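[1] Okay, predicted coordinates and the sequence, questions at the end:
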Amino acid sequence: MSAPPITVLDATPGEAAAIRQAVRAADPAAITPTTRVAGPEHVAALVELLADPRVSGPIYDIPRPIDTTTIGAWVAESQRLREAGEALLTVTLDTDGRALAYSRYTVWPERSSAELAGARRADAQNSGQGAMGAARSFGFMFEVLGVRLVGLTAALDNVRSARVIEAAGFRPMGERESLMPGGGTRRSLYWEMTREDWLTRRRLFT
């Protein structure tokens, strides 16, 4: 289960309301032109994507077993949370209409904070596109959704994700316990970044 960042921020009522509205109104095509808000029409493509353990294996908060029932319920829950301004599930499609990647943004408006989980299809991994997509997603959270803090986790052995996260400038903060959707826990590596640090880094490296 997603959990808010360890660092606690307090948002004003106005800031929290603005974040909720930004989540409801956000167009993920700003990240990549072929990225869409996931809906019922994308369930089959998401099942195909996530059924590959090379994609879903390192991700702790995907519902299991991975089938049309569980993924359909996950998509529906994400749609409800989007209307509440608390989550956004996206899918990126290839030219054949297959799912190339997914991202799920979980947002805590009253804490001006967010978390991101996601993965790319196995045949699109290690191409350099994942790192660029992750950077666009980080910018999307800070600059479009308007949060001031992002926390990220990765499995202890997920070297590829850890490399992308640290290259983006996130600050390592040791480990934390992640709750699995079906019960139990998983120890995860943990990082945080503030919007101020993100904007400073963008000015320095662009």
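    Nice, I can see it. If you're wondering where the values come from, they're calculated on a predicted model, not measured in any experiment. Residues are numbered from 1 along each chain as shown.
[2] okay but residue 60 is in contact with residue 178, surely?
    Yes. With contact defined as Cβ atoms under 8 Å, residue 60 and residue 178 form a contacting pair (5.0 Å). Placement of C-beta: from N, CA and C, glycine included.
[3] shared neighbours of those two, anything?
    153, 186, 188 (Cβ atoms under 8 Å, 6 or more residues apart in numbering).
[4] mind showing which ranges of this structure have poor pLDDT?
    Along the chain, segments meeting pLDDT under 70 span 1, 126-130, 181-183, 203-206.
[5] State the helix or strand in which the residue most central in space within it lies.
    The chain has residue 116 as the residue nearest its centroid, 2.4 Å off, counting by Cα atoms, centre = their mean. According to DSSP states H and E, residue 116 maps onto strand 113-120.
[6] Quick one: list the elements packing against that strand.
    Applying 3 or more Cβ pairs under 8 Å, 6 or more residues apart in numbering; DSSP states H and E, one finds that strand 113-120 contacts helix 53-56, strand 99-108, helix 129-139, strand 149-155.
[7] Residue 70 is nearest to which of these?
    helix 53-56 (11.5 Å; Cβ to Cβ).
[8] and the residue nearest to residue 145 when sequence neighbours are not counted, helix, strand or coil?
    Excluding its sequence neighbours, the residue lying closest to residue 145 (Cβ to Cβ, 6 or more residues apart in numbering) is residue 22, at 5.0 Å. For residue 22, the assignment made with DSSP: H, G, I helix; E, B strand; the rest coil gives helix.
[9] Tell me the spacing between residue 22 and residue 97.
    For residue 22, the distance to residue 97 equals 28 Å [Cβ to Cβ, to the nearest Å].
[10] Please enumerate the helices of the chain.
    Here the chain has its helices, by DSSP state H, at 13-25, 43-50, 53-56, 68-83, 129-139, 159-167, 195-205.
[11] mind giving me JSON lines with these and columns for distance to residue 33 and mean neighbour count?
    Compiled in JSON lines, the helices of the chain are given as follows (distance: least, Cβ to Cβ, whole Å; neighbours: other Cβ atoms under 10 Å):
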{"stretch": "helix 13-25", "distance to residue 33": "18", "mean neighbour count": "16"}
{"stretch": "helix 43-50", "distance to residue 33": "17", "mean neighbour count": "19"}
{"stretch": "helix 53-56", "distance to residue 33": "22", "mean neighbour count": "15"}
{"stretch": "helix 68-83", "distance to residue 33": "20", "mean neighbour count": "16"}
{"stretch": "helix 129-139", "distance to residue 33": "11", "mean neighbour count": "18"}
{"stretch": "helix 159-167", "distance to residue 33": "21", "mean neighbour count": "16"}
{"stretch": "helix 195-205", "distance to residue 33": "21", "mean neighbour count": "13"}
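[12] would you turn those into TSV with distance to residue 90?
    Supplementary listing: the helices of the chain in TSV, determined by distance: least, Cβ to Cβ, whole Å:
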stretch	distance to residue 90
helix 13-25	12
helix 43-50	10
helix 53-56	15
helix 68-83	9
helix 129-139	9
helix 159-167	18
helix 195-205	20
